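> 3D, please:
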Amino acid sequence: QVRLVESGGGLVQAGDSLRLSCAASGLTFSTFAMGWFRQAPGKEREFVTGITWSGGRTYYADSVKGRFAISRDNAKNTVTLQMNSLKPEDTAVYYCAADRGLFDGVRSRAGAYDYWGQGTQVTVSS
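Modelled structure (predicted):
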(Lines give C-alpha, C1' and ligand atoms only; values in the text may rest on other atoms or scores of the structure.)
Protein backbone atom coordinates (compact mmCIF):
# COMPACT_ATOMS: atom_id res chain seq x y z
CA GLN A 1 0.00 0.00 0.00
CA VAL A 2 1.40 3.36 -1.04
CA ARG A 3 1.38 6.09 1.56
CA LEU A 4 2.48 9.70 1.35
CA VAL A 5 2.38 11.53 4.66
CA GLU A 6 2.96 15.27 4.85
CA SER A 7 4.03 17.12 7.95
CA GLY A 8 5.26 20.55 8.98
CA GLY A 9 2.33 22.79 8.22
CA GLY A 10 1.13 25.45 10.60
CA LEU A 11 0.25 29.07 11.23
CA VAL A 12 2.97 31.64 10.60
CA GLN A 13 3.27 35.34 9.93
CA ALA A 14 4.12 36.92 6.62
CA GLY A 15 7.84 36.78 6.01
CA ASP A 16 8.35 33.66 8.09
CA SER A 17 9.56 30.28 6.90
CA LEU A 18 8.17 26.77 7.07
CA ARG A 19 9.56 23.41 6.10
CA LEU A 20 7.19 20.72 4.87
CA SER A 21 8.17 17.08 4.67
CA CYS A 22 6.62 14.16 2.88
CA ALA A 23 7.45 10.60 3.87
CA ALA A 24 6.73 7.94 1.25
CA SER A 25 6.27 4.23 1.71
CA GLY A 26 5.04 1.30 -0.34
CA LEU A 27 6.63 2.43 -3.60
CA THR A 28 10.02 2.44 -5.25
CA PHE A 29 10.56 6.05 -4.34
CA SER A 30 13.60 6.66 -6.51
CA THR A 31 11.60 5.90 -9.66
CA PHE A 32 8.93 8.54 -9.01
CA ALA A 33 9.02 12.24 -9.75
CA MET A 34 7.65 14.11 -6.77
CA GLY A 35 5.57 17.23 -6.67
CA TRP A 36 4.00 19.64 -4.23
CA PHE A 37 0.60 21.10 -5.01
CA ARG A 38 -1.60 23.43 -3.03
CA GLN A 39 -5.25 24.25 -2.88
CA ALA A 40 -6.75 27.37 -1.36
CA PRO A 41 -10.44 27.60 -0.46
CA GLY A 42 -12.56 28.07 -3.56
CA LYS A 43 -9.64 27.57 -5.90
CA GLU A 44 -8.35 24.71 -8.01
CA ARG A 45 -5.39 22.65 -6.95
CA GLU A 46 -2.25 24.18 -8.40
CA PHE A 47 1.27 23.01 -9.04
CA VAL A 48 3.85 24.52 -6.72
CA THR A 49 7.07 22.65 -7.43
CA GLY A 50 8.41 19.32 -8.58
CA ILE A 51 11.62 17.34 -8.62
CA THR A 52 12.75 14.59 -10.96
CA TRP A 53 13.23 11.06 -9.69
CA SER A 54 16.98 11.56 -9.73
CA GLY A 55 16.74 14.89 -7.95
CA GLY A 56 18.76 16.46 -10.72
CA ARG A 57 16.16 18.94 -11.87
CA THR A 58 13.57 21.05 -10.12
CA TYR A 59 10.70 23.16 -11.39
CA TYR A 60 8.75 25.93 -9.72
CA ALA A 61 5.59 27.89 -10.27
CA ASP A 62 6.38 31.53 -10.97
CA SER A 63 4.56 32.54 -7.80
CA VAL A 64 7.06 30.72 -5.58
CA LYS A 65 10.24 30.92 -7.61
CA GLY A 66 13.09 32.25 -5.50
CA ARG A 67 11.22 31.69 -2.25
CA PHE A 68 10.57 27.94 -2.17
CA ALA A 69 13.00 25.07 -2.58
CA ILE A 70 12.27 21.39 -3.10
CA SER A 71 14.68 18.58 -2.33
CA ARG A 72 14.55 14.83 -1.95
CA ASP A 73 16.44 12.10 -0.19
CA ASN A 74 16.04 8.82 -2.03
CA ALA A 75 17.77 6.93 0.76
CA LYS A 76 15.14 8.09 3.25
CA ASN A 77 12.15 8.17 0.88
CA THR A 78 11.43 11.78 1.73
CA VAL A 79 10.80 14.98 -0.15
CA THR A 80 11.03 18.36 1.50
CA LEU A 81 9.65 21.79 0.68
CA GLN A 82 11.45 24.73 2.23
CA MET A 83 9.24 27.79 2.11
CA ASN A 84 10.76 31.19 2.82
CA SER A 85 9.39 34.72 2.75
CA LEU A 86 5.87 33.39 3.08
CA LYS A 87 3.00 35.57 1.96
CA PRO A 88 -0.70 35.48 2.90
CA GLU A 89 -1.44 34.27 -0.63
CA ASP A 90 0.57 31.13 0.12
CA THR A 91 -2.19 30.06 2.50
CA ALA A 92 -3.52 26.70 1.33
CA VAL A 93 -3.55 23.00 1.97
CA TYR A 94 -0.29 21.61 0.61
CA TYR A 95 -0.20 18.15 -0.93
CA CYS A 96 2.66 15.87 -1.75
CA ALA A 97 2.25 13.74 -4.87
CA ALA A 98 4.13 11.01 -6.70
CA ASP A 99 4.30 10.56 -10.47
CA ARG A 100 5.67 7.31 -11.85
CA GLY A 101 5.99 9.00 -15.23
CA LEU A 102 7.75 7.65 -18.25
CA PHE A 103 10.74 9.97 -18.27
CA ASP A 104 13.06 11.78 -15.92
CA GLY A 105 11.03 14.94 -15.85
CA VAL A 106 8.32 16.75 -13.91
CA ARG A 107 4.72 17.26 -14.90
CA SER A 108 2.65 20.14 -13.56
CA ARG A 109 -0.75 18.63 -14.27
CA ALA A 110 -2.34 17.20 -11.13
CA GLY A 111 -4.02 14.42 -13.11
CA ALA A 112 -0.63 13.03 -14.07
CA TYR A 113 0.20 12.08 -10.49
CA ASP A 114 -0.51 8.59 -9.27
CA TYR A 115 -0.45 8.98 -5.50
CA TRP A 116 -1.34 11.79 -3.11
CA GLY A 117 -0.90 12.59 0.53
CA GLN A 118 -3.68 13.80 2.78
CA GLY A 119 -2.41 17.36 2.82
CA THR A 120 -1.14 19.74 5.46
CA GLN A 121 -2.53 23.19 6.18
CA VAL A 122 -0.32 26.23 5.81
CA THR A 123 -1.75 29.53 6.99
CA VAL A 124 0.14 32.78 6.61
CA SER A 125 -1.21 35.78 8.47
CA SER A 126 -0.53 39.34 7.40
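> confidence score at the nearest residue to residue 120 once chain neighbours are set aside?
Nearest-residue entry for residue 120: residue 9, 3.4 Å, with adjacent residues in sequence omitted and distances by Cβ to Cβ, 6 or more residues apart in numbering. C-betas here are computed from N, CA, C, even on glycine. What the model reports as pLDDT for residue 9 is 95.
> isn't residue 9 up against residue 18?
Yes. When contacts are counted by Cβ atoms under 8 Å, residue 9 is listed as touching residue 18 (7.1 Å).
> neighbour count for these two, which is higher?
Shown here are residue 9 and residue 18; by other Cβ atoms under 10 Å, residue 18 has more neighbours (21 against 18).
> what sits against the more buried one?
8-10, 12, 83, 86, 122 (Cβ atoms under 8 Å, 6 or more residues apart in numbering).
> just the buried ones from those?
Buried by 16 or more other Cβ atoms under 10 Å: 8-9, 12, 83, 86, 122, out of the contacts of residue 18.
> on that earlier part again, which phi and psi does the residue nearest to residue 120 have?
Dihedral pair for residue 9: phi -70, psi 170, per degrees, to the nearest 10.
> rewinding a little: in the buried ones among the contacts of residue 18, find the pair that's most separated.
8 and 86 (12.5 Å; Cβ to Cβ).
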